[in-house]
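[1] return atomic coordinates for the entry below.
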Amino acid sequence: MKKIFIKLYLLLLLVLAVWVGAFLAVLPYLESLEKENNERIMKGVMDLAVREFRAVPPSRWPELVRAFGEVSGRLASVVPLADVKGLEEDAQQGLRDGELVSDYSEDAFYRRLGKSDQVLLVEPGRDGSSWYTGEDDRVSDLTVFLVSRELRRQDSLSAEEALAAIRPVFGFPVRLSKAPPAAGGERAVDRLARRGIWVDKKADIAWCTLPGVESYLVLGSLDEGEALLYYVSVYCVLGMFLVLIAAGAFLWTRPLWRDLDALTGVAERFKKGDLSARVAVSKGSAVHILAEEFNAMAAQVQREISYRIDLADAVSHELRSPLARLQFAFGLLDEATDAGARQKLNAEIQCSIEELDGLVEELLAFSRMEHGGEKPDFQEVNMTRWLETFRAGISVVRPEVEVAFRDLLEPEQATALAEERLLGRALGNLVGNAVRYARSSVEVSLERSGDDFFLTVEDDGCGIAEEHRENVFVPFIRLDGSRDRESGNHGLGLAIVRSIAERHRGRVTIGESPLGGALVRLSWPVQDASTQDRPTPS
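    I've put the predicted structure just below:
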């Protein structure tokens, strides 16, 4: 799960990095567009203001600046040309040539006053309001002031004719309207009467009153092609960001959806009985770990079901012989008239019943060991006393076979953490097998080496061939020769011993004994109480 979110975060960071890179790449272009648009909007008021300065001698320029200040605050000022800093070289040259130039970072506009060393500076952006369309806008106030002075200067012309003469200096439409703005209704008329300006924000148009003129001055729409191009460019950059987000989300979710769909399909096949179905995803997949866990679970379920089928077949095969002997013996018992014959048949019947009982007991024990039917119950056991107790209670089925016990433990190393009853069962199975196949002797030894206990059982029988030593741990597997069905073994003894060894985190090995027969050694590590609840190795 962590891998999924790491990939998502990396993808989002990549998208963000690409978008930031793209934005930084087009930022100079956007700034140039906005700069051109600002200069277009300010062109008219700057041109009219320069006309005012040219109409009076330089000695009256401070008076004119104060007049501008009365209507527009500190919007306009006159500064020396040498004090204008921060402009690029081409802008500096344009300023010296009398062109309108601007400082984008400061929202400052410059225009040289004729051939003088003085520059008209207009700074409309310091209050942060929108030019012409903002509330209490000073640019529109200055524009109305300058237009009114120009119309009075050309009093020989009508207001329409005088406005037509100055209209080309503006970078947006300028006209006169006798009717008030219809869009604003009475609110617009009231605003014009009180403030002298009303802004139609939807249309981006400013309506202004002109002193001494009955018509309204209409400025705009201000949003001409350059502004439209600027906003389109901004929206394109934002749209690219959204497209990148969508593309990133698609690239992230598509392989995830594909792999989850594959996992769902395999789960459906597995549910319908195809136990060989497995999920195949790449190692880089976000659900790789989930797929591996599913495959491991499926393999385990398949092994369990296969094992149960094989076990059921083996059990039915094992039950067939004693049941057939019982059926045959009961048939003969009905026909037997001689007391000796009936006694012999009864003995055979009893033997078959005991064989069935032993088989059922072994099956139950093996099932509990293999499937965790019994909870671990590890206790501290003195292995020397345990071995003595076992030796005292042993019952050998073949009296001609001698069983010798050797305790090689030091007294201070005789304590083990173990399940005493299960170790007794394991040793009983090992000794029983050894006695069954031995010629005359069996040896049992118990020792400790380093951090491991070793319980070894040897016999002088025919031994177990190396190629068969692993097979003897498989339930119901019997070897050829002397170790076969006629010995009375059910084929579960060593399988149970291995389960007991694994329960103790140990193992069982088979080798060749110096006595000439088989050597079976059960080993398990020295444990303490803190380890007894750990899971048993599989």
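
[2] below-threshold pLDDT in the stretch 51-200 of the chain: ranges please.
    Applying pLDDT under 70 to the stretch 51-200 of the chain picks out residues 125-130, 133-136.

[3] buried residues, stretch 429-443. List them.
    If you call a residue buried by 16 or more other C-beta atoms under 10 Å, then stretch 429-443 has these buried ones: 429-438, 441-443. All C-beta atoms are positioned from the backbone trio N, CA, C, and that covers glycine.

[4] go on, stretch 194-203?
    In stretch 194-203, counting by 16+ other C-beta under 10 Å, buried: 196-200.

[5] biggest separation within the buried residues of stretch 429-443, which pair?
    Using C-beta to C-beta, the buried residues of stretch 429-443 span at most 18.6 Å, a distance reached by 429 and 441.

[6] what's the domain layout of the protein?
    For the chain, automatic domain parsing gives the domain ranges 1-123+229-259, 129-223, 308-369, 375-531.

[7] quick one, which of the ones you listed is nearest to residue 285?
    Nearest to residue 285, of all the domains of the chain, is domain 1-123+229-259, at 5.0 Å by C-beta to C-beta.

[8] just how off-centre is that closest one within its chain?
    42 Å (C-alpha atoms, centre = their mean, to the nearest Å).

[9] who does the host helix or strand of residue 365 touch, helix- and strand-wise?
    Using DSSP states H and E, residue 365 maps to helix 339-370. Helices and strands touching helix 339-370, as assessed by 3 or more C-beta pairs under 8 Å, 6 or more residues apart in numbering; DSSP states H and E, comprise helix 288-335, helix 493-503.

[10] need those in a markdown table (columns: distance to residue 273).
    Converted to a markdown table, the helices and strands packed on helix 339-370 look like this (distance: least, C-beta to C-beta, whole Å):
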| stretch | distance to residue 273 |
| --- | --- |
| helix 288-335 | 10 |
| helix 493-503 | 29 |
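
[11] winner for burial among those helices?
    Stretch with highest mean neighbour count among the helices and strands packed on helix 339-370: helix 493-503 (a mean of 22; mean count of other C-beta atoms under 10 Å).

[12] circling back to that earlier point, would JSON lines of the helices and strands packed on helix 339-370 with distance to residue 122 and mean pLDDT be doable?
    Formatted as JSON lines, the helices and strands packed on helix 339-370 follow (distance: least, C-beta to C-beta, whole Å; pLDDT from 0 to 100):
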{"stretch": "helix 288-335", "distance to residue 122": "65", "mean pLDDT": "80"}
{"stretch": "helix 493-503", "distance to residue 122": "91", "mean pLDDT": "85"}
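
[13] wait, which of those helices is closest to residue 394?
    Checking these against residue 394 by C-beta to C-beta gives helix 493-503 as the closest, at 15.4 Å.

[14] what's that closest one packed up against?
    Here helix 493-503 touches helix 339-370, helix 420-437, strand 507-512, strand 518-525, going by 3+ C-beta pairs under 8 Å, 6+ apart.

[15] can you tell me what sits against the shortest one?
    Residues outside strand 507-512 that contact it (C-beta atoms under 8 Å, 6 or more residues apart in numbering) are 463-464, 469, 472-473, 494, 497-498, 501, 518-524.

[16] tell me which entries of the buried residues of stretch 194-203 lie within strands.
    With DSSP state E as the criterion, strands contain 197-200 from among the buried residues of stretch 194-203.

[17] got the contact list for residue 148?
    For residue 148, the contacting residues are 210-213, by C-beta under 8 Å, 6+ apart.

[18] in the chain, where's the longest helix?
    In the chain, with assignment by DSSP state H, the single longest helix is helix 2-54.

[19] buried stuff in the following helix or strand past that one?
    Sequence order places helix 61-72 as the next helix or strand after helix 2-54, per DSSP H and E. Buried residues in helix 61-72, counting neighbours by 16+ other C-beta under 10 Å, are found at 61, 64-65, 68, 71-72.

[20] residues in contact with the next helix or strand after helix 61-72?
    The first helix or strand that comes after helix 61-72 along the chain, using DSSP H and E, is strand 76-80. For strand 76-80, the surrounding residues in contact (C-beta under 8 Å, 6+ apart) are 49, 53, 61-62, 65, 68-69, 113, 117-123, 142.

[21] ok, so of the residues you listed, who is nearest residue 409?
    Checking the contacts of strand 76-80 against residue 409 with C-beta to C-beta, the nearest one is residue 123 at 100.0 Å.

[22] is it correct that the closest one is in contact with residue 105?
    No: checked against C-beta atoms under 8 Å, the pair residue 123 and residue 105 is beyond contact range at 12.0 Å.

[23] neighbour count: these two, which is higher?
    For residue 123 versus residue 105, neighbours defined as other C-beta atoms under 10 Å are more numerous around residue 123 (16 against 8).
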